[in-house]
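Q: Show me the folded form of this:
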Amino acid sequence: MRKLFLLIFCLVFFNAQSFAEDWDDFSDIDRMWDGQQTVTNQEFEQVMDALEEKGQKKKDKAWHKKLKRIGGGGTSLHSELNPEKDFSEIKITNLKEDGILINLPVNIVLGSQVLERGFYKVIGERDEDSNKMYLNFYQSQFFKGKVEVIETQDDYGEETLDFARILPFNESFVKIIYGSIDFNAYTYLPYSN
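A: Numbering: from 1, shown residues only. Here you go, the predicted model:
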């Protein structure tokens with residue numbers, strides 16, 4: 001029993017000495033912060049700006065990669081499709097010749113003619129002799145009908161210069177509004193289901 005007690009005492013004593021060496025490292029704890037430098041606000045802002053600039057470069061690189069994926073490899077075929085080019089100046093085609101596409105949700109009666117529901121290209125024209133205005137309806141290149149319209153100064157709150165819309169009016173009429181550089185006009189047309 002004494003041998004066991006002596007053995008445990010020796011182990012604890014030598015172990016305690018090895019722990020004492022580790023405690024010597026903590027004697028300088030009061031002077032731990034002496035070697036540190038203070039960082040000024042200006043230095044901190046410079047570091048933050050550098051980090052934000054790096055993040056912005058990553059975003060720009062990803063944006064250019066998306067543009068390249070959408071627009072192709074750059075200017076090899078067409079210089080006007082350069083991804084770095086500003087697209088704010090887009091040439092507007094002459095809508096007077098192209099017309100404006102509308103969707104007729106109902107069958108519209110034009111005199112003895114019926115325009116079935118579907119998509120139509122609407123082109124506005126002014127008769128030079130009588131000074132009356134008309135809307136011509138086309139499907140593809142085929143002429144489908146013509147209706148006289150009433151000129152107005154109202155732009156109906158539209159954001160674009162050239163527009164054509166079908167608006168419900170009551171149970172038997174719809175209102176067609178049309179706007180272009182030349183004139184703004186409207187008319188009421190009967191419809192059938």
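Q: ok now do the residue nearest to Ser192 when sequence neighbours are not counted, which residues does it touch?
A: Nearest in space to Ser192, with sequence neighbours left out and distances taken as Cβ to Cβ, 6 or more residues apart in numbering, is Asn107 at 4.9 Å. To be clear about C-beta, it is placed using only N, CA and C from the backbone, and glycine gets the same treatment. Asn107 sits next to 114-117, 191-193 when contact means Cβ atoms under 8 Å, 6 or more residues apart in numbering.
Q: Where does Phe9 fall, secondary structure wise?
A: In the assignment (DSSP states H and E), Phe9 maps to helix 2-24.
Q: Tell me how far the very next helix or strand once past that helix lies from the chain's centre.
A: Later in the chain than helix 2-24, the nearest helix or strand by DSSP H and E is helix 41-71. Put simply, helix 41-71 sits 20 Å off its chain's centre (Cα atoms, centre = their mean, to the nearest Å).
Q: Next up, phi/psi of the residue nearest to Ser192, please.
A: phi -80, psi 130 (degrees, to the nearest 10).
Q: Repeat that for Leu115.
A: phi -90, psi 120.
Q: That one: neighbour count?
A: 19 (other Cβ atoms under 10 Å).
Q: Same check on Ala185?
A: Other residues close to Ala185 by other Cβ under 10 Å number 22.
Q: Where does it sit: helix, strand or coil?
A: With DSSP: H, G, I helix; E, B strand; the rest coil as the basis, the three-state label of Ala185 is strand.
Q: Per-residue pLDDT of it, please?
A: At Ala185, the model reports a pLDDT of 93.
Q: now swap in Gly35 and tell me
A: For Gly35, pLDDT reads 72.
Q: for stretch 182-193, which positions count as buried?
A: Neighbour counts over stretch 182-193 (16 or more other Cβ atoms under 10 Å) mark 184-187, 189, 191 as buried.
Q: Find the helix or strand that the closest residue in space to Val109 that isn't next to it in sequence is a member of.
A: Take Val109 and drop its neighbours on the chain: the residue closest to it by Cβ to Cβ, 6+ apart is Pro190, 4.7 Å away. Here Pro190 sits within strand 184-192, counting by DSSP H and E.
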